[in-house]
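Q: A structural model of the following input is requested.
(chains A and B)
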Amino acid sequence: MKLIITDLVNFNMPVEGEHKIIRPQGDIRNCVGCFGCWTRTPGKCVIHDGYENTGIDMSKCTELIFVSRCYYGSVSPFVKTVQDRAISYIHPDFVIRKGEMHHKRRYDNVISLSAHFYGENITDAEKKTARKILEANADNYDGLVKDIYFYRSAEELEGISL
Amino acid sequence: MKIALINGSPKVKSGASGILLEDLKAYLGETEVLEFGFHTGAVTEEEAEALNQADALVLSFPLYVDGVPGHLLSCLAGLEEASFKNREIRVYGIVNCGFFEGIQAETALQVLENWCAKTGYVWGSGVGVGGGGALAQMPKTKSGHGPREPVEKALKVLADAIHAGKTQEIQRAQENQYVSVAFPRFLYKLAAQTGWRQMMKANGGKMRDLGKRPKISEQ
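A: Next comes the predicted model:
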């Protein structure tokens, strides 16, 4: 399954195969750092606003695709908040991976990560940061980076198939 | 000189971001300090105005999924919209990282630096603090001693950089500092894992459920 997290309310890119799209549908509340998704309802965020199951969705995907406006080299506040609310995809315990501390796996699936960033004036420094963050995400999810793309506007995404 | 200390943690009380700002404040000496809490995703017009009067902004926040927490990113975007661009405001960052290695905060500091380039603010430097999860449990010891010593030392260097930035002694951005608490990594790992089990128990759960794979049953 492909899991797409996007800040585009009117997301209409064609997607091949089985997929799920998480887009802004009602306000999202931010992660409050309570660790309830690890120690109260393991695997699920404790905030019930419709965005609490992303960690579970991630466990069912083989590809995770971000389609987001680029904010200073990061995904957008909406996409980032969805990500922040989904740390239950991983286990709270630590492991040492590539010489650095990361979290243990909760699930067995290996995620390939892609990102499609759009924005009128994405600088080279922002592109560098975006790439680095995606690689760091892959390390933390114990997955892989597949692709990263940049577009000058959301309109340029039209015609691209995921 | 006015320095705005911004606590960017979603936690209003007892977070590592606040502790780090308190420590920094002690090194800033007789400087006028303005304190802000960006605990949700909105910045008021009054806050934006007040920040614009500062000579330096220090953002202290936790590392969330290799970056800036979503709500704080939303605040940064709000400030970009409201940005006045008429002053040389310097920006500094303190990122506390739950992992042991402070270097894992590098990406979040890069996001701040990129934000400066977009807003017209001047990037100063940052500190990535590894082992931030233990700060609240570590007692404050005599300066120069104890497990918090490397962190305090880095904050002292940051405080000096903030002062030097004002007097234009430093024309270029300083190097970021990456530090960890002076505590063995394997013990930090063990302490954290014991902590999760204690939280689980306190919440009335079973330890084996820590690795639970829930289903979406309500849908």
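
Q: okay, the nearest residue to residue A:136 once chain neighbours are set aside: pLDDT?
A: Take residue A:136 and drop its neighbours on the chain: the residue closest to it by CB to CB, 6 or more residues apart in numbering or on different chains is residue B:66, 3.9 Å away. (Glycine included, C-beta is placed from N, CA and C.) Reading off the confidence values, residue B:66 has pLDDT 97.

Q: which parts of stretch B:204-219 are buried?
A: B:205, B:210, B:212, B:214 (16 or more other CB atoms under 10 Å in any protein chain shown).

Q: okay if I get these as CSV plus secondary structure?
A: Shown next, in CSV, are the buried residues of stretch B:204-219 (DSSP: H, G, I helix; E, B strand; the rest coil):
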residue, secondary structure
B:205, coil
B:210, helix
B:212, coil
B:214, coil
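
Q: residue B:187: which of these is nearest?
A: residue B:210 (19.8 Å; CB to CB).

Q: which ones are touching the closest one?
A: Each residue near residue B:210 by CB atoms under 8 Å, 6 or more residues apart in numbering or on different chains is listed here: A:38, A:39, A:42, A:91, A:92, A:93, B:196, B:197, B:200.

Q: which of these are buried?
A: Judged by 16+ other CB under 10 Å, buried ones among these: A:38, A:39, A:42, A:91, A:92, A:93, B:196, B:200.

Q: that's a strand at the fifth one, yeah?
A: Okay, so that is residue A:92. Yes: looking at residue A:92 with three-state DSSP, it is inside a strand.

Q: quick check: the gap between it and chain B.
A: 5 Å (CB to the nearest CB, to the nearest Å).

Q: single out the residue in chain B that lies closest to chain A.
A: residue B:70 (3.1 Å; CB to the nearest CB).

Q: strands along chain A, start to end?
A: A:2-6, A:19-22, A:63-69, A:90-97, A:100-105, A:112-118, A:144-151 (DSSP state E).

Q: any idea which element residue B:126 lies in?
A: Residue B:126 belongs to strand B:122-130 when assigned by DSSP states H and E.

Q: scratch that, residue B:201 is what I was asking about
A: Assigned by DSSP H and E, residue B:201 falls in helix B:185-202.

Q: and that helix with chain A, contact?
A: Yes: looking at helix B:185-202 against chain A by CB under 8 Å from any CB of the partner chain, the contacts come from B:185, B:189, B:192, B:193, B:196, B:199, B:200.

Q: among those residues, who's most crowded?
A: When neighbours are counted by other CB atoms under 10 Å in any protein chain shown, residue B:200 leads these with 21 neighbours.

Q: state the distance from the residue nearest to that residue when sequence neighbours are not counted to residue A:102.
A: Ranked by CB to CB, 6+ apart and with sequence neighbours excluded, the top spatial neighbour of residue B:200 is residue A:39, at 4.6 Å. Applying CB to CB, to the nearest Å, the value for residue A:39 to residue A:102 is 19 Å.

Q: now the buried residues of stretch B:204-219 in TSV, with pLDDT?
A: Compiled in TSV, the buried residues of stretch B:204-219 are given as follows (pLDDT from 0 to 100):
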residue	pLDDT
B:205	92
B:210	94
B:212	94
B:214	92
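
Q: which one of the residues you listed sits closest to residue B:95?
A: residue B:210 (26.7 Å).

Q: how far away is the closest one from residue B:154?
A: For residue B:210, the distance to residue B:154 - CB to CB - is 33 Å.

Q: any idea what residue B:97 is bridged to?
A: residue B:130 (DSSP bridges).

Q: that one against residue B:105, yeah?
A: Yes: counting by CB atoms under 8 Å, residue B:105 is a contact partner of residue B:97 at 4.7 Å.

Q: quick check: neighbours shared by those two?
A: B:63, B:128, B:129, B:130.

Q: which of these are buried, as a ChimeraX select command?
A: Applying 16+ other CB under 10 Å to those, the buried members can be selected in ChimeraX as follows:
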select /B:63,128,129,130
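
Q: off-centre distance for the helix holding residue B:201?
A: 22 Å (CA atoms, centre = their mean, to the nearest Å).

Q: what residues does that helix touch?
A: Counting by CB under 8 Å, 6+ apart, A:35, A:38-39, A:42, A:92-94, A:96, A:101, B:98, B:100, B:131, B:133-134, B:181, B:206-207, B:209-210 sit against helix B:185-202.

Q: list the contacts for the residue of chain A found nearest chain B?
A: As assessed by CB to the nearest CB, chain B sits closest to residue A:81 within chain A, at 3.1 Å. Applying CB under 8 Å, 6+ apart to residue A:81 gives the contacts A:28, A:29, A:30, A:31, A:51, B:70, B:71, B:74.

Q: host element of residue B:165?
A: helix B:149-166.

Q: please list all residues in contact with the residue nearest to residue A:144 when sequence neighbours are not counted.
A: Leaving aside its sequence neighbours, residue A:144 sits nearest to residue A:112 (CB to CB, 6+ apart; 5.1 Å). Applying CB under 8 Å, 6+ apart, we find residue A:112 in contact with A:62, A:63, A:64, A:143, A:144, A:145, A:146.

Q: not counting its neighbours along the chain, what's nearest the last one?
A: Distances taken as CB to CB, 6+ apart place residue A:112 nearest to residue A:146, at 4.2 Å, with adjacent residues excluded.

Q: how close does that neighbour get to residue B:67?
A: 20 Å.

Q: hang on, the earlier thing: tell me which of the strands of chain A approaches residue B:160 most closely.
A: Across the strands of chain A, closest to residue B:160 is strand A:100-105 (CB to CB), at 29.2 Å.

Q: any buried residues in that closest one, and which?
A: Applying 16+ other CB under 10 Å to strand A:100-105 flags A:100, A:101, A:102, A:103, A:105 as buried.

Q: so for the longest helix seen in chain A, mean pLDDT?
A: In chain A, assigned by DSSP state H, the helix with the most residues is helix A:124-141. Mean pLDDT, computed over helix A:124-141, is 98.
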